[in-house]
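Trainee: Coordinates for the following, if possible.
(chains A and B)
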Amino acid sequence: MMVIEAKAVTGTEAAAEKARTSGAGDLLFKWFTFLMAISILVLLILVGYELLKSSKLSLHKFGWHFLSSSDWDPVAEQFGALPFIFGTVVSSLVALIIAVPLSVGTALYLTELAPLWIRPPLIFLVELLAAIPSVILGLWGIFVMVPWLREYLFPALKSSLGFLPLFQGPIYGVSILAGGIIIAIMILPIITSVSREIIRSVPNLQREAAYALGATRWEVTRIAVLSYAKKGLFGAAILGLGRALGETMAVTMVIGNRPEIAKSLFAPGYTLASVVANEFAEATTDLYVSALFEIGLVLLGVTVIVNALAQVLLKTLGGPGVKV
Amino acid sequence: MHENRHTFRKGVNVLMQVVTLLCALLVIVPLFLIFYHILKQGIGSVNLAFFTHLPAPVGETGGGMANAIAGTFVLLGLAALFGIPFGVFGGVYLAEYAAPRVAWWIRFVADILNGVPSIIWGMTVSALIVLRMKTFSAWAGGIVLAMIMVPLVLRTTEEVLALVPSGYREAALALGISRWRTIFSIVIRTALKGIITGLLLALARVAGETAPLLFTAFGNAFWTHHLSEPIAALPLQIFAYGISPYDDWHRQAWAGALVLLLLVVSINIAVRILTRDRFSKLV
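Mentor: From the prediction side, this is the model:
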């Protein structure tokens, strides 16, 4: 009897003990995962803080003038970011002009118009394009794309559209336009896949209603799908812009890396990300390093704003279930 | 008149199908061109020496990228070591514990971080570690890749966990299993394949990163014996050789590009096959 009783007592004690530790375990695990998740916020603050702190010297010395000055002379310690801002904006705009129509067209084809059997392989190929590292694209850009542009596309553009200042001047191959084209290739997959998600989230009822009115397949796409998905597709384009602004390696390899502001797209340019990639490891003076950090800060600020805008557009207007 | 209108609409319909098909073809043409040229230019220089030798000095032919290939794997290992716990368990918090509002904000910030250019991460780690330690190092390279991985992994893990039916959780809890054991042994186990898929894709993505390594890992012409020394990496080597003026280095760059491309593409295809069966939804 005594033995059994003793066992019973230890049994309940063990159960109570188990309940206590598992409660503690629960709390511990919850807090552990919480800390891991919070690391995301820490990262954002860390990036901003480090860049701000490191660019203090340049911020003090140049102030707002940094953004409007086009002097970039490490020897004389004069630093202005305008040529880089110009190069980044123009090459990104070129990329968007090329990539957005192509991506939206592809997304429409893949979700609305293509025969079913052709969709999975095409989707896979588009995803594979996204997987190609930027440096490989850059290598291909230098040795294959740029010579081709110099020999064929640019002369053709010059002779057909040469009346525009955009397509005048000497042709070197490496140029803002080459940079824009390579960025376009890099952002095609992401705009396509986000556009696909958005188009897929259009309710079928929309399509059925249009079909019921006797619309053809394209008319359904235009009336029911495109008009419904307009805002989300705009969000996809903005997301692509965010990626375009920060593209580094491939652009650095084909844009020519010359800090000047030219009217022609055939002229070499320079971007914010490229100047950091090229000069950061070799910057000698404190002010030089600080100026490059400020370039990074500008790039961070712009990409965070653009990406936040894209997220807000996609999360609020793209409808539920849009995965980015 | 009526008949004409009908034909016109049908014509437009066909025309737009062709136009969008052309868009799709234009999108994948660069893919084929890149594969074609990398294969054509790279295949001749990929030989045993490429995998076993150090880079040859300028002027000497031959040599390989043994140190860069090994360096890439070391950096990936470090990135996985630092990045996976934050990404996976952060994802667990979002999917299992977080209040909707908190989850929304963390997700929002993670998506923004995914859009921060990778070179910015390189600068941050440079300021944080390299400038303080006064040396480029493998540690710095691994940490910067980990930082890029965390938001990616967090988002995919969360998405995969959300697909595990809540009945699984309820059944385990009803049996008296504590919440954290339920998450660990039931939820994560069920979603493991999807989580691993996400990890592999994130690793494939950072394997090709070059910009953030330029001033963290920096590159090295020799073997790295300690993680606090600069280390070579395949993408860095491709970049350095690609922009050099020497034909011999260009050939090496193509060979490096071929190896890196095969690595990244084979991970992507492996993931494809891995997720083909009934778990294909868990991606």
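
Trainee: Can you tell me, leaving aside adjacent residues, what's nearest to residue A:41?
Mentor: Spatial nearest neighbour of residue A:41, excluding adjacent residues (C-beta to C-beta, 6 or more residues apart in numbering or on different chains): residue B:109 at 5.8 Å. For glycine as for every other residue, the C-beta is placed from the backbone atoms N, C-alpha and C.

Trainee: So residue A:69 sits against residue A:84, correct?
Mentor: No: using C-beta atoms under 8 Å, residue A:69 is not in contact with residue A:84; the gap is 11.1 Å.

Trainee: returning to what we had before: got the buried residues for the helix or strand containing the residue nearest to residue A:41?
Mentor: Residue B:109 is part of helix B:100-114, with elements assigned from DSSP states H and E. For helix B:100-114, a neighbour-count test (16 or more other C-beta atoms under 10 Å in any protein chain shown) marks B:103, B:106-114 as buried.

Trainee: can you tell me which of these lies nearest to residue B:130?
Mentor: residue B:113 (20.7 Å; C-beta to C-beta).

Trainee: Now do the contacts for the closest one.
Mentor: Going by C-beta atoms under 8 Å, 6 or more residues apart in numbering or on different chains, residue B:113 touches A:40, A:43-44, B:150-151.

Trainee: Narrow the residues you listed to those in helices?
Mentor: A:40, A:43-44, B:150-151 (DSSP state H).

Trainee: that older thread, neighbour count: residue A:69 and residue A:84, which is higher?
Mentor: For residue A:69 versus residue A:84, the count of surrounding residues by other C-beta atoms under 10 Å in any protein chain shown is larger for residue A:84: 23 against 15.

Trainee: Counting by contacts, list what the strand or helix carrying that one packs against.
Mentor: Here residue A:84 sits within helix A:82-108, counting by DSSP H and E. When contacts are defined as 3 or more C-beta pairs under 8 Å, 6 or more residues apart in numbering or on different chains; DSSP states H and E, helix A:82-108 packs onto helix A:65-68, helix A:176-200, helix A:227-246, helix A:272-279, helix A:286-316, helix B:2-42.

Trainee: And those: which comes nearest residue B:243?
Mentor: Going by C-beta to C-beta, the one of the helices and strands packed on helix A:82-108 nearest residue B:243 is helix A:272-279, 9.5 Å.

Trainee: Now look at that closest one and say if it contacts chain B.
Mentor: Yes: using C-beta under 8 Å from any C-beta of the partner chain, helix A:272-279 reaches chain B at A:273, A:276-277.

Trainee: Also stretch A:207-215?
Mentor: No: counting by C-beta under 8 Å from any C-beta, no contacts exist between stretch A:207-215 and chain B, the nearest distance being 8.6 Å.

Trainee: Buried residues of that stretch, list them for me.
Mentor: A:207, A:210, A:215.

Trainee: Give me the below-cutoff pLDDT ranges for chain B.
Mentor: Where chain B drops to pLDDT under 70, the residues are B:1-2, B:277-283.

Trainee: Spatially central residue in it, please.
Mentor: Nearest to the mean C-alpha position of chain B, by C-alpha atoms, centre = their mean, lies residue B:205 at 1.2 Å.

Trainee: can you tell me how far the nearest residue to it once chain neighbours are set aside sits from residue B:144?
Mentor: Spatially, and ignoring its direct neighbours in sequence, residue B:205 is nearest to residue B:152 (6.7 Å; C-beta to C-beta, 6+ apart). Residue B:152 sits 14 Å away from residue B:144 when distances are taken as C-beta to C-beta, to the nearest Å.

Trainee: Give me the more crowded residue out of these two.
Mentor: More crowded of residue B:152 and residue B:144, by other C-beta under 10 Å: residue B:144, with 32 against 21.

Trainee: SS state for that one?
Mentor: Classification of residue B:144 by DSSP: H, G, I helix; E, B strand; the rest coil places it in helix.

Trainee: Am I right that it is in contact with residue B:211?
Mentor: No: between residue B:144 and residue B:211 there is no contact under C-beta under 8 Å: 9.7 Å.

Trainee: Residue B:58 - nearest residue in space that isn't next to it in sequence?
Mentor: residue B:246 (6.2 Å).

Trainee: Next one: the one you found from residue B:156, what distance?
Mentor: Taken as C-beta to C-beta, the span from residue B:246 to residue B:156 is 41 Å.

Trainee: re earlier: and of the buried residues of stretch A:207-215, the nearest to chain B?
Mentor: The nearest member of these to chain B, counting by C-beta to the nearest C-beta, is residue A:215 at 8.6 Å.

Trainee: which ones are touching residue B:50?
Mentor: B:64-66, B:252, B:255, B:259.

Trainee: Kindly report the same for residue B:46.
Mentor: By C-beta under 8 Å, 6+ apart, the neighbours of residue B:46 are B:255, B:258-259.

Trainee: Closest one to chain A out of those, please.
Mentor: Out of these, the member with the shortest distance to chain A (by C-beta to the nearest C-beta) is residue B:258, at 9.0 Å.

Trainee: Taking the contacts of residue B:113 together, which two end up most distant?
Mentor: A:44 and B:150 (11.2 Å).

Trainee: So these two - more neighbours on which side?
Mentor: Taking other C-beta under 10 Å, residue A:44 and residue B:150 do not tie; residue B:150 has more neighbours (27 against 18).

Trainee: Cross-check the contact I'm expecting between that one and residue A:43.
Mentor: Yes: in this structure residue B:150 lies within contact range of residue A:43 using C-beta under 8 Å: 6.8 Å.
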